[in-house]
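S.K.: I'd like to go over a predicted model; first the sequence, then the structure.
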Amino acid sequence: WSSSKVSSCTASGDWSGTKGTSGSESVTPTSAGEKSYTLSCSGSNGTASASVNVKVNTPPGPTLLWSKFYNPAGATRSGLRSVVIGANNEIAAGGFKLANNIVGFGIGYRSSGDLLFVVDNLGQTPSNFNSAAKHPTEDRFFFAGDIRSGEFTSVFLASINNLGGVSESECQEIANRAIFATAIARDNTSLYIGTSSADGQKVITATLDGVLDCRSGFAVRSGSADHITDITVAENHFWVTGHFTGNSGAKATYLRKFDRAGNPLGDETVLQNVGNPRIVEAAEGAESFVYLSGTLFGEAASEQGSVNQSFLLLKLDQNGREAWRREWKGDNASNKQANFAYDLAPRLGGGVVQCGAITKLAAADANSTEVGAVAYNPSGEAVFKIRHQFGTNSDVALSCIVDSAGDLILTGTAYRTNADGDSFVAKFRLP
């Protein structure tokens, strides 16, 4: 804009503030619809105004590129709880199948959606795979979980290459004691696995050859009912999160920072009424932040006969101080049903994606969920949302990751051909 014989200009409508008597400005609308930008300039001869009207269209949302479904032979139910990406954006996912027992299995797809491998019966006895990591230089994927033998449970680690070749390792710190593996992370030299037992929570190590050492690592917490749910590892520190039974018997989440020797750095952060925590550490400019995702359990909602649950996301600095927090119930504030956030992944360009399950509100769907995902930029603005039904009933995304092309991969359980749920892998092209 430009003007003459004026001394001041003021913006109104869908922009505001004092403006120069000439200039230009880039404006980014935050919502769709008709927008009006007015500039009024005043001088000794009076005031003149000019306006421009702009129609802002709704931006394109995520697009489903493909989805694949699998239920292992003989299984009444299956689900994929963890996912990792290979060097060429191959997808490797691990989870469980329910037959006579719960048994772990792994499946891989090419970036195109073509099947790469299926590995059934990992562990051979009751087992479960809760988390995954990729080898830093080789086309190998690690799945951590637990395997039961009689009354006792051991930490179990499976290493699968992109052809489906498998090697396995298991260990117990104390003989004849139940110990569960619930999280995994890695750097360029080792794997770090979060374990839980009656003796407390501990981070143990494994080699990149997939060999476990249950007597290694460091203690995190001593509570017998606690569970580590996620770990991040950086050059100088770890972040560890998990949940435990908090006030009044409700779920609570802890988050704590440790140096690489396993010594605590600062105080523990505790969030009451929060479960299923996951963490992502992200460098943003000269600073590094921690994103903490979980399910927020609210008050009883008697009018809906359920509990008020929502996705919860916090952004924290390296001292655990909160920068912002966000909640999501599928864009409906009256949704006081069972909405669960299960996983968290970093986005290309900054920010994170949460995924889980959102309850549908129609009366006929009172106990039904659909896959839900929401992404935020580093400022806390929601940049896209997904609500998708693959099956006919209670679909849930148990894990998510963004590949090097910026596409979002979701895995979990979808109720389609099997009454109790098929495993699914889906790829979405993000805006």
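M.R.: Nice, thanks for sending it over. Numbers count the residues shown, from 1 in each chain.
S.K.: name the helices or strands packed onto the helix or strand harbouring K97?
M.R.: For K97, the enclosing helix or strand under DSSP states H and E is strand 91-98. Secondary-structure packing of strand 91-98 (3 or more C-beta pairs under 8 Å, 6 or more residues apart in numbering; DSSP states H and E): strand 77-85, strand 102-109, strand 115-122, strand 127-134, strand 140-149, strand 408-414, strand 422-429. Yep, even glycine has a C-beta here, placed from its N, CA and C like the rest.
S.K.: avg pLDDT for that strand?
M.R.: Confidence for strand 91-98, expressed as mean pLDDT, is 88.
S.K.: between it and strand 127-134, how big is the angle?
M.R.: 170 degrees (axes from the mean of the first three to the mean of the last three C-alpha atoms, to 10 degrees).
S.K.: if you compare the helices and strands packed on strand 91-98, which one is most tucked away?
M.R.: The highest mean neighbour count among those, using mean count of other C-beta atoms under 10 Å, belongs to strand 408-414: a mean of 28.
S.K.: what lines up beside that strand in the sheet?
M.R.: strand 396-402 (antiparallel), strand 422-429 (antiparallel) (DSSP bridges).
S.K.: CSV for these, including distance to Y342 and mean pLDDT?
M.R.: Output for the strands paired with strand 408-414, formatted as CSV (distance: least, C-beta to C-beta, whole Å; pLDDT from 0 to 100):
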stretch, distance to Y342, mean pLDDT
strand 396-402, 5, 95
strand 422-429, 14, 95
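S.K.: TSV for those, including distance to N339?
M.R.: Formatted as TSV, these follow (distance: least, C-beta to C-beta, whole Å):
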stretch	distance to N339
strand 396-402	11
strand 422-429	19
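S.K.: nearest to T269, out of the ones you listed?
M.R.: Shortest separation from T269 across these is recorded for strand 396-402, at 23.5 Å, computed as C-beta to C-beta.
S.K.: and that closest one, how far out from the chain middle?
M.R.: Here strand 396-402 is found 6 Å from its chain centre; the criterion is C-alpha atoms, centre = their mean, to the nearest Å.
S.K.: pull the contacting residues for S24.
M.R.: W1 (C-beta atoms under 8 Å, 6 or more residues apart in numbering).
S.K.: among the strands paired with strand 408-414, which is nearest S42?
M.R.: Per C-beta to C-beta, nearest to S42 of the strands paired with strand 408-414: strand 422-429, 49.2 Å.
S.K.: verify the contact between Q354 and A373 for me.
M.R.: Yes - proximity of Q354 to A373 meets the contact threshold set by C-beta atoms under 8 Å, at 6.6 Å.
S.K.: before we move on, the earlier item: looking at the strands paired with strand 408-414, which is closest to R77?
M.R.: Comparison of the strands paired with strand 408-414 against R77 by C-beta to C-beta identifies strand 422-429 as nearest, at 8.3 Å.
S.K.: C-alpha coordinates for that closest one, PDB please?
M.R.: What follows is strand 422-429, C-alpha atoms only, in PDB (Å, rounded to 0.1, in the frame of the first residue of the first chain):
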ATOM      1  CA  ASP A 422      -6.800 -57.400  12.700                       C
ATOM      2  CA  SER A 423      -3.400 -55.800  12.700                       C
ATOM      3  CA  PHE A 424      -3.100 -52.800  10.400                       C
ATOM      4  CA  VAL A 425      -0.300 -50.600   8.900                       C
ATOM      5  CA  ALA A 426      -1.400 -47.400   7.100                       C
ATOM      6  CA  LYS A 427       0.500 -44.600   5.400                       C
ATOM      7  CA  PHE A 428      -0.900 -41.000   5.100                       C
ATOM      8  CA  ARG A 429       0.500 -38.300   2.900                       C
END
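S.K.: how near is Y376 to A50?
M.R.: Noted for Y376: a distance of 37 Å to A50, by C-beta to C-beta, to the nearest Å.
S.K.: between Q354 and A373, which contacts overlap?
M.R.: By C-beta under 8 Å, 6+ apart, Q354 and A373 have these common neighbours: C400.
S.K.: quick one: residues contacting D403.
M.R.: D403 makes contacts with I85, N89, I91, S111, I409, as judged by C-beta under 8 Å, 6+ apart.
S.K.: 10 Å instead?
M.R.: Taking C-beta atoms under 10 Å, 6 or more residues apart in numbering, we find D403 in contact with I85, G86, N88, N89, E90, I91, S111, A345, L348, I409, K427.
S.K.: apart from its chain neighbours, what residue comes closest to the last one?
M.R.: Pointing back at K427 there. Nearest-residue entry for K427: L65, 4.5 Å, with adjacent residues in sequence omitted and distances by C-beta to C-beta, 6 or more residues apart in numbering.
S.K.: check contacts around the residue of the chain positioned farthest from its centre.
M.R.: The C-alpha centroid of the chain is most remote from N45, which lies 60.1 Å away (C-alpha atoms, centre = their mean). With contacts defined as C-beta under 10 Å, 6+ apart, N45 is in contact with K5, V6.
S.K.: distance of it relative to W1?
M.R.: 18 Å.
S.K.: same thing with G106?
M.R.: With distances taken as C-beta to C-beta, G106 is found 61 Å from W1.
S.K.: any weak-confidence spans in the stretch 251-400 of the chain?
M.R.: Counting by pLDDT under 70, the stretch 251-400 of the chain shows low-confidence ranges at 299-307, 333-336, 361-367.
S.K.: show me where it has strands.
M.R.: 251-259, 264-272, 274-284, 287-301, 306-316, 322-328, 340-346, 352-359, 369-376, 382-388, 396-402 (DSSP state E, counting those that start in this stretch).
S.K.: need the winner for burial among those strands.
M.R.: Comparing the strands of the stretch 251-400 of the chain by mean count of other C-beta under 10 Å gives strand 352-359 as most buried, with a mean of 28.
S.K.: that one to strand 274-284, inter-axis angle?
M.R.: 160 degrees.
S.K.: so what are the sheet partners of strand 352-359 and their directions?
M.R.: strand 340-346 (antiparallel), strand 369-376 (antiparallel).
S.K.: dump the helices and strands packed on strand 91-98 to a markdown table, plus distance to A198.
M.R.: Below are the helices and strands packed on strand 91-98 laid out as a markdown table (distance: least, C-beta to C-beta, whole Å):
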| stretch | distance to A198 |
| --- | --- |
| strand 77-85 | 23 |
| strand 102-109 | 21 |
| strand 115-122 | 25 |
| strand 127-134 | 18 |
| strand 140-149 | 14 |
| strand 408-414 | 30 |
| strand 422-429 | 31 |
